[in-house]
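1. give the three-dimensional model of this entry:
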Amino acid sequence: MEGLYQFLEFTGFANVTVGHLLMITVGLIFIYLAIKKEYEPLLLVPIGFGILIGNIPFLENVGLQLGIYEDGSVLNYLYFGVLKGIYPPLIFLGIGAMTDFSTLLSNPKLMLLGAAAQLGIFLTFLASLALGFSQQQSAAIGIIGGADGPTAIFLSSKLAPELIGPIAIAAYSYMALVPVIQPPVIKLLTSKNERKIKMKPPRSVSKLEKMIFPVVGLLLTTFISPGALPLLGMLFFGNILKESGVTKRLADTASKSLIDIVTILLGLTVGASTQATTFLTPQSILIFVLGAISFMIATAGGVIFAKVMNLFLKGDNKLNPMIGAAGVSAVPDSARVVQHLGLKEDPSNYLLMHAMAPNVAGVIGSAVAAGILMGFLLHLL
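-> Modelled structure (predicted):
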């Protein structure tokens with residue numbers, strides 16, 4: 001009987017809490033949205049299932065080494081890549097190897113929209129400070145506005161590792177919910193006529209330009225923001241593997257097998273880090289609220305700046321201001337949202353290629369913003 005009682009004591013039924021049940025429900029919702037609604041399934045399925053794994057109740061601190069926060073557990077070893085910022089640069093390597101920057105090179109002024117969309121990062125940084133978060137924590141929370149999960153994880157691993165769980169979940173959640181969050185903001189800030197603006201086709205970009213860009217891009221961005229070197233170095237390295245034409249095998253590995261493996265590990269461990277006994281705090285809920293505000297401000301910043309640019313542009317050089325919303329780095333979902341809204345207003349208005357320019361600029365912009373924040377806060381590390 002003593003053995004039976006001990007067995008029962010170790011079961012999940014004996015250790016379950018309301019928090020565990022709440023997080024399991026969240027995990028199931030993530031999986032539902034991924035499969036039924038197809039919201040970023042490559043992210044939400046691993047994260048959602050990771051939430052289930054992380055919230056199976058067990059007796060803690062008795063030497064079982066099961067939980068993600070228990071030294072020596074398998075999940076803890078896998079989580080090391082998140083805590084030390086190892087996974088995000090590998091993700092950036094894969095993104096670089098699959099990204100075509102030709103739309104950005106054909107119309108470089110659209111890079112300004114990627115910069116404008118980073119407004120949400122810095123405004124949320126100030127809001128977080130006002131709510132009592134430390135400078136390091138505020139910087140890590142603010143980066144959620146870039147809708148860039150890897151950058152959010154990378155920066156929080158350096159500045160606020162204690163908040164890496166809620167920040168990562170918030171960042172990836174809002175990346176997945178781009179089709180839900182962005183359209184109302186875009187429609188609120190644009191008129192029907194503005195949404196119907198047709199942009200002239202982008203010019204053709206030469207192979208030489210595409211090969212030079214990763215080298216010049218690396219030197220310019222990392223000289224300005226050395227803190228972003230692990231991210232941008234891998235991004236541009238992956239891109240030159242793609243564009244050089246002589247390293248196809250390496251580019252294919254980076255853009256397919258490698259990024260898929262890292263996405264599985266990252267998503268699963270980030271999901272498992274939502275262990276209810278550690279994750280569910282008022283601070284985590286506040287981070288989710290601030291992250292949503294940050295993302296909406298970033299979307300608005302891109303749209304408004306596109307409207308400002310139109311004041312100085314004439315004729316067919318005018319921009320459809322909706323493409324400013326793609327300045328966040330949720331590639332390619334933000335660009336697809338703009339494309340969908342454009343076609344809804346005018347079935348002959350194809351904006352995807354135009355929106356991809358600020359979209360890929362947003363990837364670079366969020367990484368640069370992270371590096372700048374690290375530079376400002378270096379004395380506090």
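2. contacts and neighbour counts: CA atoms only from here.
-> Will do.
3. residue contacts, residue 132?
-> For residue 132, the contact set (Cα atoms under 8 Å, 6 or more residues apart in numbering) is empty.
4. roughly how far does it sit from residue 373?
-> From residue 132 across to residue 373, the span is 18 Å (Cα to Cα, to the nearest Å).
5. what of residue 102?
-> Distance from residue 102 to residue 373, by Cα to Cα: 29 Å.
6. which SS state does residue 287 fall under?
-> Of the three states, residue 287 takes helix under DSSP: H, G, I helix; E, B strand; the rest coil.
7. thought residue 247 was touching residue 238?
-> No: checked against Cα atoms under 8 Å, the pair residue 247 and residue 238 is beyond contact range at 10.1 Å.
8. neighbour count: these two, which is higher?
-> Comparing residue 247 with residue 238 by other Cα atoms under 10 Å, the one with more neighbours is residue 238, at 27 against 12.
9. the more buried one reaches residue 90, doesn't it?
-> No: Residue 238 is beyond contact range of residue 90, at 9.5 Å (criterion: Cα under 8 Å).
10. the residue nearest to residue 323 when sequence neighbours are not counted: which element?
-> Once flanking residues are discounted, residue 323 sits nearest to residue 355: 4.8 Å by Cα to Cα, 6 or more residues apart in numbering. Element membership of residue 355 [criterion: DSSP states H and E] is helix 352-377.
11. list the buried residues for that helix?
-> Buried residues in helix 352-377, counting neighbours by 16 or more other Cα atoms under 10 Å, are found at 352-374.
12. what packs against that helix?
-> If you count contacts as 3 or more Cα pairs under 8 Å, 6 or more residues apart in numbering; DSSP states H and E, helix 352-377 packs onto helix 102-106, helix 111-116, helix 135-142, helix 149-159, helix 207-224, helix 229-243, helix 333-345.
13. in a markdown table, list those helices along with distance to residue 181 and mean pLDDT.
-> What follows is the helices and strands packed on helix 352-377, written out as a markdown table (distance: least, Cα to Cα, whole Å; pLDDT from 0 to 100):
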| stretch | distance to residue 181 | mean pLDDT |
| --- | --- | --- |
| helix 102-106 | 25 | 93 |
| helix 111-116 | 18 | 91 |
| helix 135-142 | 17 | 92 |
| helix 149-159 | 16 | 92 |
| helix 207-224 | 30 | 95 |
| helix 229-243 | 26 | 97 |
| helix 333-345 | 10 | 93 |
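14. which one of the ones you listed lies closest to residue 18?
-> helix 135-142 (26.6 Å; Cα to Cα).
15. now what about the closest one, what contacts it?
-> By Cα under 8 Å, 6+ apart, helix 135-142 touches 120-126, 128-129, 152, 155-156, 159-160, 163, 167, 287, 290-291, 294, 373, 377, 380.
16. if any of these are buried, give me the PyMOL selection for them.
-> Here is the PyMOL command that selects the buried residues among the contacts of helix 135-142 (16+ other Cα under 10 Å):
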select buried, resi 120+121+122+123+124+125+128+152+155+156+159+160+163+167+287+290+291+294+373
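17. is it true that residue 72 touches residue 64?
-> No: counting by Cα under 8 Å, residue 64 is not a contact partner of residue 72; they are 9.4 Å apart.
18. chain center to the lowest-mean-pLDDT helix or strand in the chain, what's the gap?
-> Of all helical and strand segments in the chain, the minimum by mean pLDDT, DSSP states H and E falls on helix 2-10, at a mean of 75. How far helix 2-10 lies from its chain's middle: 44 Å, per Cα atoms, centre = their mean, to the nearest Å.
19. now swap in stretch 121-138 and tell me
-> 19 Å.
20. ok, back up a step: for residue 10, find the nearest of the helices and strands packed on helix 352-377.
-> Going by Cα to Cα, the one of those nearest residue 10 is helix 149-159, 32.7 Å.
21. quick one: the residue nearest the centre of the chain from residue 320, how far?
-> Taking Cα atoms, centre = their mean as the criterion, residue 148 is the residue nearest the geometric centre of the chain, at 1.9 Å. Plainly put, residue 148 is 24 Å away from residue 320 if you go by Cα to Cα.
22. so where is the stretch 51-200 of the chain shaky, pLDDT-wise?
-> Scanning the stretch 51-200 of the chain for pLDDT under 70 picks out the ranges 59, 61-63.
23. how about the helices of it, start to end?
-> 74-83, 87-98, 102-106, 111-116, 119-130, 135-142, 149-159, 164-176, 178-189, 192-195 (DSSP state H, counting those that start in this stretch).
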